[in-house]
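Asker: Provided below are the primary sequence and the corresponding predicted coordinates.
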Amino acid sequence: MNEVASLSALEGYGIVYFGNDWFAENRTSSHHVAVRLALHVPVLYVDSPGMRAPNASGRDLKRAVRKVLAAFKRPTRVADGLWHCTVPQLPFRRLPGVDTFNRLFGRWAVRRALRLAGIRKRISWFVVPHPGVHAGKLGEDFCVYYCIDDYAAHPGVDAALIAQRDLDLSRRADLLFVAPPALLDGKRALNPNTVFSPHGVDVELFAKAQDPATELPALARDMPRPVVGYIGSIHEWIDVPLIEWLAQQRPQWSFLLVGHAHVAIDGLRALPNVHLAGSQPYATLPSWSKAFDAAIIPYRLNRQVANANPLKLREYLAAGKAVVSVHNPEIEKFSTWVRLVDDREGFLAALDAAVIDNAPGAAEARIAAVADQTWDARAASALAEVAARLSTHSSPAVHP
């Protein structure tokens with residue numbers, strides 16, 4: 001059966017898609033998948049509230065007011081077949097009535113946005129678990145949970161609440177996709193309709209790092225070589241002391257970090273061979289990657305990392321770059337192309353080898369390792385799975 005035929009069950013349907021902040025600095029799998037889904041079916045992308053436990057700060061209150069006001073606006077069309085809207089959430093969740101308000105008002109806002117976007121036959125699609133309280137309440141005929149992380153392990157979140165929402169949605173979903181391999185068995189025990197769906201990569205974009213026509217960013221043009229590179233936000237799960245130590249051990253090298261720092265990095269700023277580029281537009285990442293002689297994944301070894309499926313792994317490989325990384329189940333699948341290490345001394349030794357890894361065809365082999373793992377292929381495969389399951393469901397409901 002060809003792809004067009006396999007998607008015939010989706011005719012007339014649209015997706016209400018609960019994802020991360022559409023305007024976030026990092027483009028995550030939440031964004032990549034939504035954009036590709038919209039090539040096949042209409043998608044309403046719903047900005048979901050953050051998972052961080054809310055508090056009574058003025059910043060939280062102002063942000064909540066902005067989101068409530070945004071909920072009254074018409075959904076914004078951001079691309080062909082793709083609309084965006086915001087779901088509000090008042091902070092102070094433990095105050096009487098606030099949780100009920102968040103549920104009821106959020107549900108009203110989403111249903112209103114669906115009507116305005118013209119989506120009447122509906123599939124709900126959750127990439128984060130906390131809006132899962134709306135599952136089955138939006139007039140949808142089918143519910144998808146696309147689990148991409150161990151959300152309750154994130155620092156600063158209301159872990160008990162997120163864990164419960166994740167559990168409830170995992171059981172409730174008509175189809176459960178799981179990206180991190182470490183979570184797969186546990187999810188299958190909760191829901192027999194569970195499918196492994198690892199992350200993808202924009203191969204065509206990142207392969208530009210090997211194109212002679214791709215220009216280096218100004219900051220990277222005159223850096224002493226070799227250049228050790230990192231792309232991604234610097235959060236609590238990044239081993240900042242490890243990066244500092246590596247830079248101190250190799251003062252003649254350059255360490256180029258591309259991404260916003262969400263934690264204190266004073267030690268990195270103080271090192272003359274560490275260059276902090278900050279957050280950069282997604283489309284420019286191949287030019288930054290081109291400057292790297294080796295790329296690193298310097299995670300702290302904790303529960304969150306053990307269950308992670310890092311986007312940067314495939315992006316580094318699609319750029320043809322030598323990679324040095326700590327262990328985790330998904331990264332270990334690429335051990336043929338990635339140098340895996342157990343400690344900081346091993347990390348340094350692997351970097352020593354990686355920065356001089358100029359073996360003929362090495363870059364091409366890394367790109368080939370992920371060439372068939374595009375976001376387009378991942379989204380098409382997921383949609384085909386949804387269509388197959390949907391075709392066995394009862395007659396759909398149509399909503400005015």
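Answerer: Done, it's in.
Asker: buried residues in the helix ranked longest in the chain?
Answerer: What stands out as the longest helix in the chain, according to DSSP state H, is helix 98-117. The neighbour-count check on helix 98-117 (16 or more other CB atoms under 10 Å) flags 99, 102, 105-107, 109-111, 113-114, 117 as buried. (Glycine included, C-beta is placed from N, CA and C.)
Asker: turn the residues you listed into JSON lines, columns for pLDDT.
Answerer: What follows is the buried residues of helix 98-117, written out as JSON lines (pLDDT from 0 to 100):
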{"residue": "Asp99", "pLDDT": "78"}
{"residue": "Asn102", "pLDDT": "80"}
{"residue": "Phe105", "pLDDT": "85"}
{"residue": "Gly106", "pLDDT": "86"}
{"residue": "Arg107", "pLDDT": "91"}
{"residue": "Ala109", "pLDDT": "89"}
{"residue": "Val110", "pLDDT": "93"}
{"residue": "Arg111", "pLDDT": "94"}
{"residue": "Ala113", "pLDDT": "94"}
{"residue": "Leu114", "pLDDT": "96"}
{"residue": "Ala117", "pLDDT": "95"}
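Asker: the particular helix or strand that has Trp83 in it: how far from the chain's middle?
Answerer: Here Trp83 is covered by strand 82-86, with elements defined by DSSP states H and E. Computed by CA atoms, centre = their mean, to the nearest Å, the chain-centroid distance of strand 82-86 equals 18 Å.
Asker: residues contacting it, please?
Answerer: Residues outside strand 82-86 that contact it (CB atoms under 8 Å, 6 or more residues apart in numbering): 22, 34-35, 38, 42-47, 67, 70-71, 73, 75-78, 109-110, 113, 117.
Asker: okay, the angle between that strand and helix 98-117?
Answerer: Relative orientation of strand 82-86 and helix 98-117, computed by axes from the mean of the first three to the mean of the last three CA atoms, to 10 degrees: 150 degrees.
Asker: in this protein, which spans are strands?
Answerer: Secondary structure of the chain (DSSP state E): strands located at 13-19, 43-47, 76-79, 82-86, 121-126, 142-147, 175-178, 194-196, 227-231, 254-258, 274-278, 294-297, 323-326, 338-341.
Asker: quick one: Leu184 and Ala213, what's the gap?
Answerer: Leu184 sits 41 Å away from Ala213, taking CB to CB, to the nearest Å as the criterion.
Asker: do Trp375 as well
Answerer: 24 Å.
Asker: now swap in Trp22 and tell me
Answerer: Applying CB to CB, the value for Trp22 to Ala213 is 31 Å.
Asker: who's more crowded, these two?
Answerer: Between Trp22 and Ala213, counted using other CB atoms under 10 Å, Trp22 has the larger neighbour count: 19 against 5.
Asker: and that one, backbone torsions?
Answerer: Taking degrees, to the nearest 10, you get phi -60, psi -30 for the backbone angles of Trp22.
Asker: need the contact list for it.
Answerer: 31, 45, 47, 78, 84.
Asker: please apply the same query to Asn309.
Answerer: Asn309 neighbours (CB under 8 Å, 6+ apart): 148-149, 179-181, 198-199, 330.
Asker: can you tell me which of those residues is closest to Arg165?
Answerer: Here the nearest of the contacts of Asn309 to Arg165, counting by CB to CB, is Asp149; it sits at 13.1 Å.
Asker: how many neighbours does the closest one have?
Answerer: 20.
Asker: surely it meets Asp166?
Answerer: No. Taking contacts as CB atoms under 8 Å, Asp149 lies outside contact range of Asp166: 9.5 Å.
Asker: show the buried residues in the contacts of Trp22.
Answerer: Among the contacts of Trp22, those classed as buried by 16+ other CB under 10 Å are 31, 45, 47, 84.
Asker: what is the nearest of the residues you listed to Asn358?
Answerer: His31 (34.4 Å).
Asker: distance of the closest one relative to Ala109?
Answerer: Computed as CB to CB, the His31 to Ala109 distance reads 21 Å.
Asker: ditto for Phe334
Answerer: Going from Phe334 to Ala109 by CB to CB gives 41 Å.
Asker: please verify my assumption that Pro251 contacts Asn273.
Answerer: Yes. Applying CB under 8 Å as the test, Pro251 and Asn273 come out as touching, 5.5 Å apart.
Asker: out of the two, which sits in the more crowded spot?
Answerer: Neighbour tally, Pro251 and Asn273, criterion other CB under 10 Å: the higher count belongs to Asn273, 17 against 10.
Asker: circling back to that earlier point, and the buried residues of helix 98-117, which two are the farthest apart?
Answerer: With distances taken as CB to CB, the most widely separated pair in those is Asp99 and Ala117, at 26.9 Å.
Asker: which residues does Gly320 contact?
Answerer: The contact partners of Gly320, by CB under 8 Å, 6+ apart, come to 207, 209-210, 362-364, 366-367.
Asker: swap that for Glu25, please
Answerer: 233, 259-260, 279.
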